[in-house]
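>>> I'll drop the sequence and a predicted model, then ask my questions.
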Amino acid sequence: MKLLLNTCITLVLLTLSLGSSASQSGWCATKNSISASANYVCKYMGGEFFVSQEQAKAAHKRLNSKAHQPAKGISLTIQSNVENDEVYIDGVYRGTGRLLLALPKGRHAISIRKTGYESYEKIINLTAPLTLTGNLVKMVDQPAPTNTPKTTTADLDLAFWQSIKDSYNPEMFEEYLRQFPSGTYAGLARITIKQLREEQQSVEKPSVPDLEYGEYFALVIGNNHYEHLDKLSTAINDAKSIAALLRSEYGFKVELLTDARRDDVVSALSRLRKVVSSEDNLLIYYAGHGWLDPEMDEGFWLPVDANEDDQVNWIANDTITRSVRAIKAKHVMVVADSFFSGTLTRGVDAKVRKPDYIDQMINKKARWC
């Protein structure tokens, strides 16, 4: 009944339109069409009335374009805990950093990626404005498996014994027994300690004439714990033993450096230049890694911060020699107990000298390196 009534009204209006004057006729533009029409009929149809056809065409185009505009999306803000990330939505790259987007309502796949980090992946159902923060976790490189055989106690026992077997210091063998009380060479170590102690007691100290010797200074260096090279096991103990012997038996003023870096050694040599006079005597003892460069024909001391591939922290023998020459001491002796030089005591021929010979030697400035 309602449809019939609307149809009748439309026919009446059309009839009135045909009978109206020319001033009321024009063009009606809707989003669906353009038609010749009276003004009041066009308004009834929900259109826009124009006198010219061109104006109606322009209005129709505008209304049609507006009708096809997509609906405004729902706000989505995306951010992460890292810089220079890459944001993908439904597999499409959308940008980097903090993004403010408008997306259609519904489900979306969110992916935030960065090289070196585990990707952040999440499926969301967007029904209202949303802020999403992705937490990317940095990937940790797994070390490659190695086939290096494990070092056994027997290997350590043998290595320690090989390093001390020719020593004349009983404390080295006592240290072996402390670390390996039931070691393979424990019995031999006890016999060696006894023999060395007896030899020390049987040696008579030669009488020394009352001469002006000046003061005695010593710089003793022992390095075990290297940062970039293989660690040593006895260098520090050797250095401590030498330092204790020089203090207690010979009255040296000793500066002991253990696990010394290059700066420590250079600073110690600088301090000696300030305190050692022309009447004094100086002993420098070094136990640790060394290196002999055959191409340069140069030897080096390697402090604990030395790197095998970079000589910046190496100490050249020439550097030590120049430092020794700059010190005013009457007598200077440098002893290096490293792999490219002999040990401190092996092969030393100790002889008792007459007082007139000693007097002659102490008054002569000398350097032994």
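Yep, that arrived.
>>> in the stretch 151-300 of the chain, what residue spans correspond to helices?
Assigned by DSSP state H, counting those that start in this stretch, the stretch 151-300 of the chain shows helices spanning 153-164, 170-179, 186-202, 235-250, 262-275.
>>> out of the ones you listed, nearest to Pro303?
Across the helices of the stretch 151-300 of the chain, Pro303 has its closest neighbour in helix 262-275 (4.5 Å, Cβ to Cβ). For glycine as for every other residue, the C-beta is placed from the backbone atoms N, C-alpha and C.
>>> let me see the mean pLDDT of that closest one.
In this model, helix 262-275 carries a mean pLDDT of 90.
>>> now for it, which elements pack on it?
Helices and strands touching helix 262-275, by 3 or more Cβ pairs under 8 Å, 6 or more residues apart in numbering; DSSP states H and E, are strand 216-222, strand 253-258, strand 315-316, helix 317-326.
>>> tell me which of the ones you listed is the most buried.
For the helices and strands packed on helix 262-275, the largest average neighbour count (mean count of other Cβ atoms under 10 Å) is found in strand 216-222, namely a mean of 23.
>>> tell me the angle it makes with helix 235-250.
160 degrees (axes from the mean of the first three to the mean of the last three Cα atoms, to 10 degrees).
>>> pull the residues that contact strand 216-222.
Applying Cβ atoms under 8 Å, 6 or more residues apart in numbering, the contact partners of strand 216-222 are 235-240, 242-243, 246, 250-260, 265, 268-269, 272, 275-276, 280-288, 329.
>>> next one: stretch 102-111
72-76, 78, 87-91, 119-127, 132, 134.
>>> and Met139, what is it in contact with?
Contacts of Met139 (Cβ under 8 Å, 6+ apart): Gly116, Tyr117, Glu118.
>>> returning to that earlier point: in strands only, show me the contacts of stretch 102-111.
74-76, 78, 87-89, 120-126, 132, 134 (DSSP state E).
>>> ok, so of the residues you listed, who is nearest Glu175?
Nearest to Glu175 among the ones in strands among the contacts of stretch 102-111, with distances taken as Cβ to Cβ, is Tyr120, at 56.5 Å.
>>> quick one: Gln55 is in a helix?
Yes. The assignment for Gln55 is a helix, going by DSSP: H, G, I helix; E, B strand; the rest coil.
>>> can you pull the pLDDT of it?
Reported pLDDT for Gln55: 85.
>>> might one say that it is in contact with Trp27?
Yes. The pair formed by Gln55 and Trp27 meets the contact definition of Cβ atoms under 8 Å, at 7.1 Å.
>>> who's more crowded, the two?
Counted by other Cβ atoms under 10 Å, Gln55 and Trp27 do not tie: Trp27 has more neighbours, with 22 against 15.
>>> just the element for the more buried one, please.
strand 25-29 (DSSP states H and E).
>>> thinking again about what came up before, quickly check the ones in strands among the contacts of stretch 102-111 for the two that are furthest apart.
Ser75 and Glu121 (21.5 Å).
>>> quick one on the thing from earlier: just how off-centre is the strand holding Trp27 within its chain?
Strand 25-29 has its C-alpha centroid displaced from the chain centroid by 79 Å (Cα atoms, centre = their mean, to the nearest Å).
>>> and that strand, what does it pack onto?
strand 34-38, helix 39-44, strand 48-50, helix 53-67.
>>> what angle separates that strand from strand 34-38?
140 degrees.
>>> what do Gln55 and Trp27 both touch?
With Cβ under 8 Å, 6+ apart as the test, Gln55 and Trp27 reach no residue in common.
>>> distance of Asp305 from Ser33?
Distance from Asp305 to Ser33, counting by Cβ to Cβ, to the nearest Å: 89 Å.
>>> now the helix or strand harbouring Arg107: mean pLDDT?
Arg107 is part of strand 106-113 when elements are defined by DSSP H and E. Mean pLDDT, strand 106-113: 93.
>>> that one to strand 120-126, inter-axis angle?
160 degrees.
>>> list the buried residues for strand 106-113?
His108, Ile110, Ser111, Ile112, Arg113 (16 or more other Cβ atoms under 10 Å).
>>> retrieve the pLDDT associated with Ile236.
So Ile236 comes in at 94 (pLDDT).
>>> which one is it nearest to, not counting chain neighbours?
Among residues not flanking Ile236 along the chain, Gly222 sits closest, at 4.1 Å (Cβ to Cβ, 6 or more residues apart in numbering).
>>> okay, and the beta partners of the one you found?
Going by DSSP bridges, Gly222 is paired in beta bridges with Thr258, Ala287.
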